[in-house]
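Undergrad: no letters, just coordinates:
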């Protein structure tokens, strides 16, 4: 399952606030983040996304889950999209938005290295 761990972040709410909606045209489609939701304890957030690639539409959620001093960006298992380059690019873009919002945050363990924009 694709994921990115962000190190040195102690607040899901901070990460949630850093994520901004976007729509990026790509060859053969579009990548879009539309809305976001945070639970009442502010420990988990969901980011609603859409990947349109070569005529195939995939709606899914990216989940932000807080651990002690890290945050994991991963796909919500209930929506389980096909792990296309577009889906992985959306996840990496969300992680970069969060990383760029706080100079102390860095990339930790992940399996999306080729999609991460440094």
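TA: Cool, got the structure. Worth saying up front: this structure is predicted, and the values here are computed from it rather than measured.
Undergrad: tell me which residues are up against the longest helix seen in the chain.
TA: Identified as the longest helix of the chain according to DSSP state H is helix 85-100. The contact list for helix 85-100 (CB atoms under 8 Å, 6 or more residues apart in numbering) reads 2-4, 6, 9, 15, 18-20, 22, 24, 26, 29, 31, 33, 47, 49, 51-53, 58, 60, 62, 64, 71, 73-75, 81, 105-107, 110, 112, 115-117. Just so you know, the C-beta spots here come from the backbone N, C-alpha and C atoms, and that holds for glycine as well.
Undergrad: isn't there a helix covering residue 48?
TA: No - assigned with DSSP: H, G, I helix; E, B strand; the rest coil, residue 48 falls outside any helix and is strand.
Undergrad: and it, what is it in contact with?
TA: Listed by CB under 8 Å, 6+ apart, the contact set of residue 48 reads 33, 34, 35, 36, 37, 59, 61.
Undergrad: just the buried ones out of the contacts of helix 85-100, please.
TA: With neighbours counted by 16 or more other CB atoms under 10 Å, the contacts of helix 85-100 contain buried members at 2-4, 6, 9, 15, 18-19, 29, 31, 33, 47, 49, 51-53, 58, 60, 62, 64, 71, 73-75, 81, 105, 107, 110, 112, 115-116.
Undergrad: that older thread, so what's the gap between the longest helix of the chain and the chain middle?
TA: How far helix 85-100 lies from its chain's middle: 5 Å, per CA atoms, centre = their mean, to the nearest Å.
Undergrad: what's the helix or strand for residue 14?
TA: Using DSSP states H and E, residue 14 sits within helix 12-18.
Undergrad: and the angle for whichever helix or strand comes after that helix with helix 85-100?
TA: Next helix or strand after helix 12-18 toward the C-terminus (DSSP H and E): strand 22-26. Going by axes from the mean of the first three to the mean of the last three CA atoms, to 10 degrees, strand 22-26 is angled at 140 degrees with respect to helix 85-100.
Undergrad: ok, residues contacting the next helix or strand after strand 22-26?
TA: Counting by DSSP H and E, the next helix or strand C-terminal to strand 22-26 is strand 29-38. Under the contact criterion CB under 8 Å, 6+ apart, strand 29-38 has outside partners 12-13, 16, 19-24, 44-55, 86, 89-90, 93-94.
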